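**Q** Predicted model, plus sequence, below.
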Amino acid sequence: MKVIHEKHPLAMRWTHWVNFPILLVMIWSGMLIYWANDAYKIEIFGYTFIHFFPDWFYKLLHIPARLAEGMAFHFLFMWFFTLNGIFYLLYTLISGEWRQLVPNRHSFKEAWQVLLHDLHIRKFSPPQKKYNAAQRIAYTAIIIMGFGSVITGLAIYKPVQLYWLTWICGGYHFARIIHFVLTLGYVLFFMIHVMQVVLAGWNNFRSVISGFEVKELEPVPVPAIKKVQPKPKKIVKKPQVTDKTKKSDENDRK
Amino acid sequence: MKTTANKPQPVELSIEKKIKRRNFISFATFFVAGGAAFGGWKWLYNSPEEKAGITGGARQPLRRALNKTELFFRRIFSNDHVVKTYPKERAARVVRVNSDIGLTDESFDVSRWQLSLVKKKGEVLKINIEDLKALPKTEIVYDFKCVEGWDQIQHWAGLRFIDFIDYYQLHDQAKMGYVGMETPDGEYYIGLDMESALHPQTILAYEMNDKPITEEHGAPLRLIIPVKYGIKNLKRIGMINFSNQRPRDYWAEQGYDYYSGL
């Protein structure tokens, strides 16, 4: 028998899908800004592995020479990003949903087992509630990252008026680097996240839009128990009657 | 028939129907909201550019957002919020030059320079660099920040704008909303909100690394205003005036935020 199993509350689904396009605009406009001083690269012993970003990448996304435009978009959508984040945090804290989300003392050990299971190395994954241990860690991390983006963003946006925030972030330079690295983190998260969603299948994906999963409930194997319970008795007696009435109803309608 | 109609009908839907109905409602909402969001983005992205005036070059709704955001962040502005300062040794020896807009007039002669201080319409005071150097000198070593994203610790010295206001008895002018500054050739010009101009770290600078400012850095007098991005730090100040309307501003005309405060 199929059963509707409630999974994601409405507020969580809305904030998730509202966040997606906002974050996309923030990353895009952020790149328009970053282009004007694209100083970051990964360099080991004088050899540059990656320069953020190569020319072909800029050209592909039409990024060059749009600094003013990027800032204008960034400083509008920052409000939506922050407000949506605050709303989500408040909801999660007040509703108690955080209990399903925040890693507990078993999570770090279990996350390893989940990883091995996902990589088809281990046959069984540890038992879970709404989220498995790896999800708990990843989803909590992404919330903290979002918080970090707002804080480091403010630190480089108003380094004089909010000097204490810039100080907490380790100074103007370091805050800008964290702000940039967090964005790389989102992109990495996004790729793994989408891959996992595809692998998890339709039922799981649907639950982030309609809120529920459909589960197959196996029928109770011992019929004797059914007879002992009072409710089934009634059902056993009634069907014939209801069937008749139903049929007659249908006839009436016709 | 009547009796069956009056009977409370079993509204309980079958599980399949429930699933179907909830799927339909939520996916319909999802696609309608998604379509609306996409339409909203299209509208914003293709929204017309503002009419060129004091500000220009930005999409109308985005300019409105910049101005509203300015109002929000002006609430937290305070003279007690000061830029972090560094010891002199930290200052860059080679100070970065980023632009020469307003400095390209070949007939310009530093030795004949005078500052035009417009006290009122038609009342212009001419000031020599020696007059300014005779006033109390203030030094600052701080992290200069460019709107492009780079920054550099630099060492400047000159007279604080607030001291300039005091000495030249500009208290009435300081009650106005804005200060405007322009290069002698009028090619580069900036507007500052009064509170930022009167911030204790705003300096009319004539020295860099303990020497007179070089020509490329805006000799003989330039603005150093740590509460703003570099674009507001006008080089080679030719004229200063006051007004209650936003004075014209070079980069605000090109899509940048008028306030550009840090």
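**A** Structure received.

**Q** Please name the spatially closest residue to residue A:172 (chain neighbours excluded).
**A** With sequence-adjacent residues excluded and distances taken as CB to CB, 6 or more residues apart in numbering or on different chains, residue A:172 is closest to residue A:159, at 5.2 Å. In this view, the C-beta of every residue, glycine as well, is placed from N, C-alpha and C.

**Q** Next up, the contacts around the one you found.
**A** A:166, A:172, A:175, B:83, B:143, B:145, B:262 (CB atoms under 8 Å, 6 or more residues apart in numbering or on different chains).

**Q** What is the most widely separated pair among the residues you listed?
**A** A:175 and B:83 (14.7 Å; CB to CB).

**Q** Those two - which one has more neighbours?
**A** The neighbour comparison of residue A:175 against residue B:83 (other CB atoms under 10 Å in any protein chain shown) goes to residue A:175, with 24 against 20.

**Q** how's the chain carved up into domains?
**A** Defaulting to chain A. A:2-216, A:226-253 (automatic domain parsing).

**Q** Correction: the question concerned chain B.
**A** Using automatic domain parsing, chain B is parsed into the domains B:12-45, B:60-254.

**Q** hey, which of those domains is tucked in deepest?
**A** Sort these by mean neighbour count, taking mean count of other CB atoms under 10 Å in any protein chain shown, and domain B:60-254 sits at the top with a mean of 17.

**Q** End to end on that domain, go ahead and measure it.
**A** Its start and end residues considered, domain B:60-254 measures 13 Å (CA to CA, to the nearest Å).

**Q** Give me the average confidence score over that domain.
**A** Per-residue pLDDT over domain B:60-254 has a mean of 94.

**Q** Now do the same contact list for the nearest residue to residue B:48 once chain neighbours are set aside.
**A** Counting by CB to CB, 6+ apart, the nearest residue to residue B:48 once its immediate chain neighbours are dropped is residue B:60, at 5.7 Å. Listed by CB under 8 Å, 6+ apart, the contact partners of residue B:60 are B:47, B:48, B:49, B:50.

**Q** how much space between residue B:46 and residue A:69?
**A** For residue B:46, the distance to residue A:69 equals 13 Å [CB to CB, to the nearest Å].

**Q** Chain B versus residue A:114, what's the distance?
**A** Going from residue A:114 to chain B by CB to the nearest CB, to the nearest Å gives 28 Å.

**Q** can you count the residues close to that residue?
**A** 20.

**Q** which non-adjacent residue is nearest it?
**A** Counting by CB to CB, 6+ apart, the residue nearest residue A:114 is residue A:134, at 4.1 Å.

**Q** right, and that neighbour touches residue A:119 too?
**A** No. With contact defined as CB atoms under 8 Å, residue A:134 does not count as touching residue A:119 (11.3 Å).

**Q** tell me the helices in chain B, going along the chain?
**A** Counting by DSSP state H, chain B has these helices, from start to end: B:2-6, B:15-45, B:60-74, B:129-133, B:161-167, B:194-197.

**Q** Which strands and helices lie in contact with the longest one?
**A** In terms of contacts (3 or more CB pairs under 8 Å, 6 or more residues apart in numbering or on different chains; DSSP states H and E), helix B:15-45 is packed against strand A:2-6, helix A:10-34, helix A:202-210, strand A:212-216.
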